[in-house]
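J.: Sequence first, predicted model second:
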Amino acid sequence: MDSAYYVTLHDDLSKIFAQEWNALVSADNPFWEYEFLRNLELSGSLGKESGWEAHYFTARKAGELVAALVLYVKENSYGEFIFDFEWARIHHQYGRHYYPKGIVAIPFTPVT
């Protein structure tokens, strides 16, 4: 029996089955549901142009989806509810790059 985990990076949520994704989401967290995230993609709220470039990581074991994560690559801090513009300014002041940055968060909602 294969006990290895296989991690895959997807650039589009439609490459993952909704039923598999939703099986990993707790019932009290609608903002991680497939339909919510997919609608953000389809509306243009997610994507490079919006500043929320989504990268979906999935982990499978024996063919079964056992974990999933969305990492957003951001070139700015807009659309977040914790603004870090001062961190970006300080990095720039010292000749460092703050962007792009990667965040794991629920876009456009102040829900914990």
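T.: Perfect, thanks for sending it.

J.: going forward, measure contacts and count neighbours with C-alpha atoms only.
T.: Will do.

J.: Output the below-cut-off pLDDT ranges for this structure.
T.: Along the chain, segments meeting pLDDT under 70 span 1-2, 80-82, 110-112.

J.: now the strands: where do they sit in it?
T.: Ranges of strands in the chain, per DSSP state E, are 5-10, 53-61, 64-74, 101-103.

J.: Residues in a beta bridge with the spatially most central residue of the chain, which ones?
T.: Residue closest to the mean C-alpha point of the chain, counted by CA atoms, centre = their mean, is residue 70 at 2.7 Å. Taking DSSP bridges as the rule, residue 70 bridges to residue 56.

J.: Pull out the buried positions in stretch 48-61.
T.: The neighbour-count check on stretch 48-61 (16 or more other CA atoms under 10 Å) flags 51, 52, 53, 54, 55, 56, 57, 58, 59, 60 as buried.

J.: Give me the contacts around that stretch.
T.: 2-13, 44-47, 65-76, 78, 107 (CA atoms under 8 Å, 6 or more residues apart in numbering).

J.: Dump it to CSV, keeping only the CA atoms.
T.: The C-alpha trace of stretch 48-61 is given here as CSV (Å, rounded to 0.1, in the frame of the first residue of the first chain):
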residue,chain,number,x,y,z
LYS,A,48,-3.5,38.5,-10.7
GLU,A,49,-5.4,41.6,-11.9
SER,A,50,-7.2,41.9,-8.5
GLY,A,51,-4.1,41.5,-6.5
TRP,A,52,-5.2,38.1,-5.1
GLU,A,53,-3.4,35.5,-7.2
ALA,A,54,-4.6,32.1,-5.9
HIS,A,55,-2.5,29.0,-5.7
TYR,A,56,-4.3,25.9,-4.5
PHE,A,57,-2.2,23.2,-2.9
THR,A,58,-3.7,19.7,-2.5
ALA,A,59,-2.3,16.7,-0.8
ARG,A,60,-3.5,13.2,-1.7
LYS,A,61,-2.7,9.9,0.0
